[in-house]
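*Asks:* fold the following.
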Amino acid sequence: MPYLFCAKHGKEHEAKAREEQENYRQFGETVLIVKGTLINGPWRCDRCNTTLKRGKLACLMTAFPRSITAGMGDYDFAYERGYFDMKRAEVAVYGAEWHATAPATG
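*Replies:* Have a look, this model is predicted:
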């Protein structure tokens with residue numbers, strides 16, 4: 001389930017994901033974090049309930065269990081595009097990597 005956070009609480013949740021990264025890897029789970037400027041709104045922060053208007057910085061965090069990441073092929077970021085311009089957004093992956101988020105080689 002995705003969670004949308006204001007910039008402050010997004011940083012806090014990303015720090016927790018970074019700390020727990022090895023646990024996520026062991027369980028085959030992935031936490032996907034997308035940060036950027038909202039392209040629409042208004043929304044609400046899932047932590048503090050502050051209003052997040054278009055143009056505000058925000059963070060979308062989605063946890064994927066092993067049962068989903070094991071079968072993921074090319075992830076199209078369709079859900080995330082509803083919130084951010086994916087050409088400008090920052091994407092971070094914690095835990096088990098999957099093809100769509102693995103660093104390109106070559």
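
*Asks:* my read is that Lys56 contacts Thr37, right?
*Replies:* Yes: here Lys56 lies in contact with Thr37, judged by CB atoms under 8 Å, at a distance of 7.0 Å. Yep, even glycine has a C-beta here, placed from its N, CA and C like the rest.

*Asks:* in the sheet, who's paired with Thr37?
*Replies:* Beta-bridge partners of Thr37, counted by DSSP bridges, are Leu57.

*Asks:* got the contact list for it?
*Replies:* Gly55, Lys56, Leu57, Ala58, Phe84, Asp85, Arg88 (CB atoms under 8 Å, 6 or more residues apart in numbering).

*Asks:* so what pLDDT did it get?
*Replies:* Per-residue confidence (pLDDT) for Thr37: 98.

*Asks:* all strands of the protein, in order?
*Replies:* Listed in chain order, the strands of the chain (DSSP state E) span 2-6, 30-37, 43-44, 51-52, 57-64, 90-95.
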